[in-house]
Structures are given as C-alpha cells and as structure tokens.
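Novice: Predicted structure and sequence below. I'll ask about it afterward.
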Amino acid sequence: MMAGTPPVRLRLPRSSRIKQEGDFARARSRGQRLSGGCLIVNVLPRPIGAGSRIGVVTSKKIGDAVERSRARRLLRETFRLHQHELERPVDLVLVARPSIAGRKLADVEKDFLRLLGQAKVLKS
C-alpha cells in the first residue's frame, strides 16, 4: 500500500445484517436461489444507494452449537471480505449445508464467490 493512502475499511456493521423474519422470507421467496458446495445463496436486489445486507441460516443438521456458530462466523467473514466486490446492493440469505462442518475459510470463500458469479452480482 502506498504511504499516505488510508486502508480500505472492511467492516460488517449491524446495519449490514438481516434481522427481521420478513426480510429473510422475502429474500427466500422472491430472490434468485443458487446452491452449490457447502451453501445455498438467495439473492434479492436492493434499491440503489442502500447497502448490501446478509442473513445467515444454520440448522441443527450441521451439528452442535459450536459447529453452527463456526458456520455462521465463516459465512459472515466471507461476506465481510467480499462485500465491496458486489456490483449492486443486494440482500443475501446464506443457508449453510451440513457439508460446511469442518471446512476452511478458503473453501467457503470459493463456493461463495462461484455462486455470486453465477448470480451475476460480482463486479467484472
């Protein structure tokens, strides 16, 4: 990085999270659904000027509470690292599949980026 250039902040504020059940339901019913690897992605476009948001769903099929928490952390971290690569604001509902248990961050990132590429929401 060049001297004097501030680093890009890659934060994930609470405002970037989907919290309302209605927002989850809307993204899952009206959004584009893609699945592959260790996750399912539901993508719903948002108005220009709004920020992208993420919601994460983990079921008991993944494993115990420790495994489910780890899966949520992996998915949120993947979104946090790549949120600035999105072409337009979207609501993303990520559903973890049981195969996420024991996966590394790089594996989850690969599946995430491949699915977002298929959804055509990544910058070229």
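Specialist: Great, that's in hand. Residues are numbered from 1 along each chain as shown.

Novice: the helices in this protein, which residues?
Specialist: Along the chain, counting by DSSP state H, helices occupy 21-30, 65-82, 105-118.

Novice: JSON lines for those helices, including distance to Arg14 and mean pLDDT?
Specialist: Yep, even glycine has a C-beta here, placed from its N, CA and C like the rest. Formatted as JSON lines, these follow (distance: least, Cβ to Cβ, whole Å; pLDDT from 0 to 100):
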{"stretch": "helix 21-30", "distance to Arg14": "14", "mean pLDDT": "95"}
{"stretch": "helix 65-82", "distance to Arg14": "12", "mean pLDDT": "95"}
{"stretch": "helix 105-118", "distance to Arg14": "21", "mean pLDDT": "96"}
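
Novice: got these as a markdown table, with mean neighbour count and distance to Ile40 columns?
Specialist: Compiled in a markdown table, the helices of the chain are given as follows (neighbours: other Cβ atoms under 10 Å; distance: least, Cβ to Cβ, whole Å):
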| stretch | mean neighbour count | distance to Ile40 |
| --- | --- | --- |
| helix 21-30 | 14 | 9 |
| helix 65-82 | 17 | 11 |
| helix 105-118 | 17 | 8 |
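
Novice: Just put those in JSON lines and tack on distance to Leu12.
Specialist: Shown next, in JSON lines, are the helices of the chain (distance: least, Cβ to Cβ, whole Å):
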{"stretch": "helix 21-30", "distance to Leu12": "17"}
{"stretch": "helix 65-82", "distance to Leu12": "4"}
{"stretch": "helix 105-118", "distance to Leu12": "14"}
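
Novice: Mind telling me which residue is nearest the centre of the protein?
Specialist: Geometric centre of the chain, nearest residue: Phe79, 4.4 Å, by Cα atoms, centre = their mean.

Novice: right, and that residue touches Leu12 too?
Specialist: Yes. The pair Phe79 / Leu12 is scored as a contact, 7.1 Å apart, by Cβ atoms under 8 Å.

Novice: who touches both of the two?
Specialist: Listed as contacting both Phe79 and Leu12 by Cβ atoms under 8 Å, 6 or more residues apart in numbering are Ile54.
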